[in-house]
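Structure of the sequence below:
(chains A, B and C)
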Amino acid sequence: MSIWIKHELCSGCGACVKVCPYAAVEIIDTKACINERCTECGVCLTSCKEKAILTDVTEKTVPDFSDRKGVWVFAEQRDGILNRVTFELLGIGQLLAKELNQELSAIVLGSKIDKLIDPLAEFGAENIYIAIHPSLNDYRTIAYTSVISKLVREYKPNILLIGATHTGRDLAPRLSRRLGVGLTADCTELSIDPEHGDLLQTRPAFGGNLMATIINRYSRPQMATVRPGVMQQIKGKSPNGPRKIIKSVSLSEKEIMTRILEVVKEERQKVNLNEAKVIITGGRGVGSLEGMKKLEALADLLGGEVGGTRVAVEEGWVTVERQIGQTGQTVRPDLYFACGISGAIQHRAGILGSKYIIAINKDPMAPIFQVADWGIVGDIHEVVPLLTEKLQQR
Amino acid sequence: MLRSNVEELIKKCAIRFVDSQIRPLARKWDENKQYPLENMKKFAELGLLGLRIPKQYGGSGRGLFDAVIVLEQIAKADASTAVNLHVQLNASPLYIMLYSGEEVKKKFLPALVSGKVLFSMAQTEPEVGSNLTELRTLARSEGSHYVVNGTKSMITMGANADVHLVYLRFDDDSIGCLLLEKDTEGFSVGKSEDFLGMRGLGSAELVFQDCQVPEENVLLKGPGSLRKMLTMFNGTRVGLASISLGIAEAAFEEALRYSKLRTVSGKPLIALQGLQWKLADMAVNVEAMKHLVYSAAQDTKLNGFPDQFTSSAARIVASEGAVKITNMAMDIFGGYGYSKELSIERYLRDARGMIYVGGTTDILRNAIGAYLYKKNV
Amino acid sequence: METIVMIKQVPDTTEIRIDPSTGNLIREGIESIINPDDRHAIEAALQIKEKLGGSIIAICMGPSQAIDAISEALGFGVDRGILLTDKCFAGADTWATSFTLGRAVEKINNYDLIICGQQAIDGDTAQVGPQLAEYLHIPQITYVKGIKEITEKKIVAKRLVESGYEIIGCGLPALLTVVRELNKTRFPRFDWLIDACNKRAPIEIWNAADLGVKAYQVGLQGSFTNVISTYTPTFKRRGEILEGDSQRMVEDLLTRLEENHLV
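Numbers count the residues shown, from 1 in each chain, chains lettered A, B, ... in the order given. Okay, here's the model as predicted:
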């Protein structure tokens, strides 16, 4: 692709020099000449009265991808245990594969992976691509990128799904750049465009204020990371058992470039309430520090944070940086539990951005119920532990 | 050459700083009648104390308008902090910049920029109020130094400043001013004020008993001094006006937000026409205040200072407007607004205080009246 | 130590509200800010400079008003700013963005470390950092929550993972993407902000020609992915009061939470 000037036609009028945003056209010896600053943006084309500026720039076209087949899922494992999101990816993968009438495959990398084959097959993987090497024991960016990119180049899948975990969000972009393909992050919905068979990837943007559907027309595989906890797991054993494809691996420490010096297990540090996905807030109805403990147990189970109303803070049941409401923090979690909170306007104003609000209060007339998605009229000291218990059983 | 707009950029960054470092603590300072010294340290770290100080002394060399933009944003969270900063930006150090010798400039201006020295401006006296021509604090010449005697009252930052700019009468009966350092023998800080609002001012009484002040610390003395001081007031008045403006804006914005959240019979308050009109009046008032304050701040016809009429008009409209707006905001909040849990009552108390800080607005009417009396029609 | 910080100017999404009557985003009056994670990237660079010396360059790709992000970076103490702005950069996906940033880094040539925020609050993709590292063929450490050791030659960092953290070491040059836990950010200095607005300020503006790229390689044209539709999710309150005894109500609630993928 390029832009050039037919000097026989050029009158040297300089119109193209004026319109070029990059100073990429100069008049040399009464003729316009394009220099190395040209970006081929094409602005000059219409400026030429003599039609002396020519181009072979064509509209971007969609390449033929008919040889690309199969839905692939990256099976994320740590210490020989598959991450839950792997089964969720296989779940949605089954639906997509069925729609496309293509096969569903999993890729699993590690040093010992024998125990992982059966579960992958049980949740729908028809083919399992396997790479075994001591250097693949723990996830490392370049090692995994290198192995997976070779597999993809060799077997040419149509779709490649990766969990939007810390591992997945480290791996997927690196891999996409190496493969030279587009990537959509953190999808919450995936479907197949009935017309062209492209993968429709829907994801939240602007802090969840907007949902965008994205399509990857120009490159294959269509890569997406998928938010954990969103897709359904579906059991679906293939009748013939999984086909195992074992890939030999050669890797050197030098090319991997990073070393894991230590792995430290740690409870998640307390996070900013602004970022918490789940918040359990207690009000006057909590009654005591012990009451607050019941809320904390539920928060721990849901991976959330506890908050308090002004009253709860003043009573010392929660610390001041956890105060929620107009005078405390404004929060917008996915899930907000208001426990024993009447719902004064100052408090309600601070939680309106929450996606779902659940209110638990003894008083059926409490204003908090007006802003709740689901309300339970009851004693939090009974309802909250029951909820925790039943959640644990599931 | 593409560059950011200075005023917009410092406004934006001031808002972020204020939201995170000042607003959350304002209520505590108010409750404890606490002078927030930590703010001054932060202002120094942010290079803010040198905003108007020339570059050769480590400052940024900017004008009154930039100071007004910053003060307005700070005042939206805490008016006392804004007044304390205002004294450093628009008052005492400007006298040093304009009227002191090079040695004194080198001694005090870089020290202010780095936050090592903070100033007060001591004008008001117990007997004569803020009336310059009647000042009773006296400086007597004794060879190479002056001896100062007298009392000043309700001096902002009086309890915390390192250097006091003292307005006084010299023994030649001229009115002028000098710099008095806090460790001067015979100087003491008297009772601190327990005000209704503006409780973070660190406002206190200053007592001078035979305080010796070196000659070079005298900034203005003799004929023409009074006129120079009055010109300086034209600038400080606009700084104070911007603080009232900030209080009014904060009250209006909170009232507006509340009127959309609070519902009666299923409708937000703002759906009620009566309250719509009230909010419209508030919006119009705030807009008028803002234009007057900004245009005064950008007026530099008196050697870089605005004139007396413009600056007085800005101060009267802003300070009295803020009382009106904060009252209306409280009406919109109803009983909640009267509660100490929200900020509206503090805004109202502070707005009321800003009528008196730096001289009452009624005094300004005297000056405007005199000006009109003399003016050719 | 020569450090490059990648920053993005984003709308302050915590301020974004939905118009209740139309369901549209209200963008009016929304401030543009330096992406929060990128502030931590700047802070990390400043702390490294305070320890090892050297200089910091901030790069921002965006429309001309993104100059404010560069100015603010200089207010923090960044030495030099480069704004990548061109009509043809608009509409870039992460692929085209990482390419454009990569070309800018190649033009700078001399660097030891690149620091990016983990993700931007408008797109939340967290992709540009690793894609840039791959473009430059340098190692990456993502989700950095602590820097244990840094010298002119190598870095040892704590990388946040779901179950704790990993301590990862690599040689320089390298690319880090950092999370908020890494540090506490400072505020920009007003005197430096004012200096940054001066026409002599060390800020450069680069367009496609300055980077030596072609228009079809960048922006929307150079992107593989396209947004084909958007919609605003509605969070209408259901206002449903559950009935029955406690057991029943809790069961019903759990069913509803599961139906909406909330647990």
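
Centre of the chain to stretch B:11-25, how far?
Remark: stretch B:11-25 is offset 18 Å from the chain centroid, using CA atoms, centre = their mean, to the nearest Å.

Identify all contacting residues around that stretch.
B:36, B:39, B:42, B:46, B:69-70, B:73-74, B:76-78, B:81, C:31, C:33, C:68, C:72, C:75, C:187-188, C:190, C:193 (CB atoms under 8 Å, 6 or more residues apart in numbering or on different chains). Where C-beta positions appear, they are placed from N, C-alpha and C, glycine not excepted.

run the last query once more with 7 Å
The contact list for stretch B:11-25 (CB atoms under 7 Å, 6 or more residues apart in numbering or on different chains) reads B:39, B:42, B:69-70, B:73-74, B:76-78, B:81, C:31, C:72, C:75, C:187-188, C:193.

swap in stretch A:71-81?
In this structure, residues lying in contact with stretch A:71-81 by CB under 7 Å, 6+ apart are A:82-83, A:85-86, A:89-90, A:93, A:96-97, A:102, A:104-108, A:110, A:112, A:115-116, A:120, A:157-163, A:165, A:167-168, A:221.

Quick one: end-to-end distance for that stretch.
22 Å (CA to CA, to the nearest Å).

Return the residues of chain B in contact with chain A.
Taking CB under 7 Å from any CB of the partner chain as the contact definition, chain B meets chain A at B:261, B:262, B:341.

Pop the domain breakdown of chain B in here.
Residue ranges for the domains of chain B, per automatic domain parsing: B:6-113, B:119-220, B:225-374.

Mind listing what's buried along stretch A:311-325?
A:311, A:312, A:313, A:315, A:317, A:318, A:322, A:323, A:324, A:325 (16 or more other CB atoms under 10 Å in any protein chain shown).

no, scratch that, I was asking about stretch C:130-145
C:130-136, C:138-145.

one step back: export the domains of chain B as TSV, with columns for distance to residue C:95, mean pLDDT and mean neighbour count.
Shown next, in TSV, are the domains of chain B (distance: least, CB to CB, whole Å; pLDDT from 0 to 100; neighbours: other CB atoms under 10 Å in any protein chain shown):
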stretch	distance to residue C:95	mean pLDDT	mean neighbour count
domain B:6-113	32	94	21
domain B:119-220	53	95	19
domain B:225-374	41	93	20
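
Can you give me the neighbour number for residue 102?
The chain I'm using is chain A. 18 (other CB atoms under 10 Å in any protein chain shown).

Sorry, I should have been clearer: chain C.
Neighbour tally, residue C:102, other CB under 10 Å: 20.

Please name the nearest non-neighbouring residue to it.
Nearest residue to residue C:102, sequence neighbours excluded (CB to CB, 6 or more residues apart in numbering or on different chains): residue C:135, at 3.8 Å.

Using the three-state scheme, assign the one you found.
helix (DSSP: H, G, I helix; E, B strand; the rest coil).

who touches it in this structure?
So, once contact is read as CB under 7 Å, 6+ apart, residue C:135 ends up touching A:177, C:98, C:99, C:102.

Check residue B:47 too.
By CB under 7 Å, 6+ apart, the residues touching residue B:47 are C:189, C:190, C:191, C:192.

make it 10 Å
By CB atoms under 10 Å, 6 or more residues apart in numbering or on different chains, the contact set of residue B:47 is B:58-60, B:113-114, C:75, C:188-195.

That one - nearest residue in space that isn't next to it in sequence?
According to CB to CB, 6+ apart, the nearest residue to residue B:47 is residue C:191 (3.3 Å).

and what of residue B:195?
For residue B:195, ignoring the flanking residues on the chain, the nearest one in space by CB to CB, 6+ apart is residue B:353 at 6.2 Å.

In chain B, what residue lies closest to chain A?
residue B:261 (4.8 Å; CB to the nearest CB).

For that residue, list the residues it contacts.
Contact analysis of residue B:261 by CB under 10 Å, 6+ apart lists A:326, A:345, A:346, A:348, A:349, A:350, A:352, B:268, B:269, B:270.

wait, the last one sits on residue B:262?
Yes: in this structure residue B:270 lies within contact range of residue B:262 using CB atoms under 10 Å: 8.9 Å.

can you pull the buried residues of the lengthiest helix in chain C?
Scanning chain C for the longest helix, with DSSP state H as the assignment, gives helix C:36-52. Within helix C:36-52, the residues that count as buried by 16+ other CB under 10 Å are C:36-46, C:48-49.

where's residue 97, which helix or strand?
In the absence of a named chain, chain A is used. helix A:84-100 (DSSP states H and E).

nope, chain C
Per DSSP H and E: helix C:94-108 holds residue C:97.

Following the chain onward from that helix, which element is next?
Toward the C-terminus from helix C:94-108 - assigned by DSSP H and E - lies strand C:113-117.

Mind telling me what element the residue nearest to residue B:195 is part of?
Residue B:353 belongs to helix B:344-354, assigned by DSSP H and E.

Now that helix - C-alpha only, CSV.
What follows is helix B:344-354, C-alpha atoms only, in CSV (Å, rounded to 0.1, in the frame of the first residue of the first chain):
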residue,chain,number,x,y,z
ILE,B,344,-24.9,22.8,55.8
GLU,B,345,-25.0,24.3,59.3
ARG,B,346,-21.3,24.7,59.2
TYR,B,347,-21.5,26.5,55.9
LEU,B,348,-24.1,28.8,57.3
ARG,B,349,-21.9,29.6,60.4
ASP,B,350,-18.8,30.1,58.3
ALA,B,351,-20.7,32.3,55.7
ARG,B,352,-21.9,34.5,58.6
GLY,B,353,-18.3,34.8,59.9
MET,B,354,-17.0,35.8,56.5
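
Run through the helices of the chain in chain order.
You didn't pick a chain, so chain A it is. So, for chain A - with DSSP H - the helices run A:15-19, A:84-100, A:114-122, A:141-155, A:166-179, A:253-256, A:289-302, A:310-314, A:345-349, A:380-393.

Chain C is the one I meant
Along chain C, the stretches classed as helices by DSSP H are C:36-52, C:67-76, C:94-108, C:128-136, C:190-196, C:208-211, C:246-259.

Next: the stretch 151-300 of chain B.
Ranges of helices in the stretch 151-300 of chain B, per DSSP state H, counting those that start in this stretch, are B:225-261, B:273-297.

Can I get the ones you listed in CSV including distance to residue C:10?
Below are the helices of the stretch 151-300 of chain B laid out as CSV (distance: least, CB to CB, whole Å):
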stretch, distance to residue C:10
helix B:225-261, 23
helix B:273-297, 28
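
which one of those lies closest to residue C:226?
The closest of the helices of the stretch 151-300 of chain B to residue C:226 is helix B:225-261. By CB to CB, the value is 36.6 Å.

Report the distance from the closest one to the chain centre.
Distance of helix B:225-261 from the chain centroid (CA atoms, centre = their mean) equals 9 Å.
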